[in-house]
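Asker: Kindly return the folded structure for what I paste below:
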Amino acid sequence: MADIDKPEPTAENNYSFINGDRPYTPLPERPGCISAYLILVLILNCICVLVYMFLISRTFKVIKFTPDLAMMGIVTCGFNVYFCVKLLLYKKSGFYGLIVCALIAYVMNLLAGISPLACTIGLGGIPLLYAILQARSNGIPFWKRLK
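Answerer: Residues are numbered from 1 along each chain as shown. Model prediction:
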């Protein structure tokens, strides 16, 4: 019942900060194509983790796939998931982390014996993601809203 008499929290009375509450600040709008792309990347990386776990016990003669590469692939996909979540939480470091993971995956694919052309095509996700992050909401590119 005592809550009824409390004044509205404002910057002037600092009431909400005294009680440990934080004022609500809504997140900026995110264009749907960005959310869809990041969720797709999350799902595909989770599937890749399962595929790598399956491939650890198999040997292939076509490519030089070793258990070490599989473990490195699992870790890289795990970091991809982490950095996608960071991008969903409006952190610019998620984009830079995805770039590093793409470069690591490029080197892993070269070590596995995949052709350099096929490995280079895999790097196409970096400019695609950057282009998607340029989508505008209320006239402001989403890239500029990242912290």
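Asker: which ones are touching residue 142?
Answerer: Applying CB atoms under 8 Å, 6 or more residues apart in numbering, we find residue 142 in contact with 30-31, 34, 133-136. For every residue, glycine as well, the C-beta is placed using N, CA and C.
Asker: And the helix ranked longest in the chain, what does it pack against?
Answerer: With secondary structure taken from DSSP state H, the chain has its longest helix at helix 32-56. Helices and strands touching helix 32-56, as assessed by 3 or more CB pairs under 8 Å, 6 or more residues apart in numbering; DSSP states H and E, comprise helix 67-88, helix 125-133.
Asker: if we can go back for a sec, in ChimeraX, how would I select just the buried ones from the contacts of residue 142?
Answerer: This is the ChimeraX syntax for the buried subset of those, where burial follows 16 or more other CB atoms under 10 Å:
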select :30,31,34,133
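Asker: Looking at the contacts of residue 142, spot the one nearest residue 79.
Answerer: Of all these, the one with the least separation from residue 79 (CB to CB) is residue 133, at 18.7 Å.
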